[in-house]
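K.L.:
pasting the structure only:
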């Protein structure tokens with residue numbers, strides 16, 4: 001029964017967008033602008049939401065004031081979160097994931113090496129495959 005409901009919802013969404021004249025090519029970029037300021041989703045299939053949020057890479061997502069997802073498949077969530085390395089993820093205020101496939105979670109966490117992981121506020125790691133767990 002669930003699959004029938006899901007199919008019906010999907011069919012309804014397609015019909016609704018078709019009725020509004022929205023073609024699938026239009027879905028290539030999403031842009032969400034909140035109360036003030038502007039966001040920029042320039043990458044293919046990118047999503048930017050928040051004042052001065054930038055999603056420049058393909059399939060990149062930037063959510064939060066000043067969040068930046070600059071390379072392909074990046075995710076940056078939080079005020080001034082920065083996902084710069086290819087396939088990187090930055091979650092938290094002023095968090096930076098600079099290395100390729102790096103992950104930084106927590107306020108002011110920074111992962112600068114390839115496949116580096118920084119978990120917790122203020123944690124900073126550098127170097128390939130580095131892992132750090134802080135407060």
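P.N.:
Noted; the coordinates are in hand. Predicted model only: the values in this text are computed from it and were never measured.
K.L.:
just for this structure, where's the confidence low?
P.N.:
Across the chain, the ranges flagged by pLDDT under 70 are 1-37, 135.
K.L.:
which residue ranges of it form helices?
P.N.:
2-19 (DSSP state H).
K.L.:
count of residues packed around residue 40?
P.N.:
Neighbours of residue 40 under the rule other CB atoms under 10 Å: 17. In short, each C-beta sits where N, CA and C put it, glycine included.
K.L.:
which residue is the nearest non-sequential neighbour of it?
P.N.:
residue 54 (4.9 Å; CB to CB, 6 or more residues apart in numbering).
K.L.:
would you agree that neighbour is in contact with residue 43?
P.N.:
No: assessed by CB atoms under 8 Å, residue 54 is found out of contact with residue 43, at 9.3 Å.
K.L.:
need the residues touching each of those two.
P.N.:
Shared contacts of residue 54 and residue 43, defined by CB atoms under 8 Å, 6 or more residues apart in numbering, comprise residue 69.
K.L.:
in terms of neighbours, single out the busier of the two.
P.N.:
The residue with more neighbours, out of residue 54 and residue 43, is residue 43; 25 against 22, by other CB under 10 Å.
K.L.:
roughly how far apart are the more buried one and residue 92?
P.N.:
Separation of residue 43 from residue 92 (CB to CB, to the nearest Å): 22 Å.
K.L.:
ok so, going back, residue contacts, the residue nearest to residue 40?
P.N.:
Counting by CB under 8 Å, 6+ apart, residue 54 makes contact with 39, 40, 42, 48, 62, 67, 68, 69, 70.
K.L.:
go with 6 Å
P.N.:
Applying CB atoms under 6 Å, 6 or more residues apart in numbering, one finds that residue 54 lies in contact with 40, 48, 62, 68.
K.L.:
do the same with residue 123
P.N.:
Contacts of residue 123 by CB under 6 Å, 6+ apart are 109, 132, 134.
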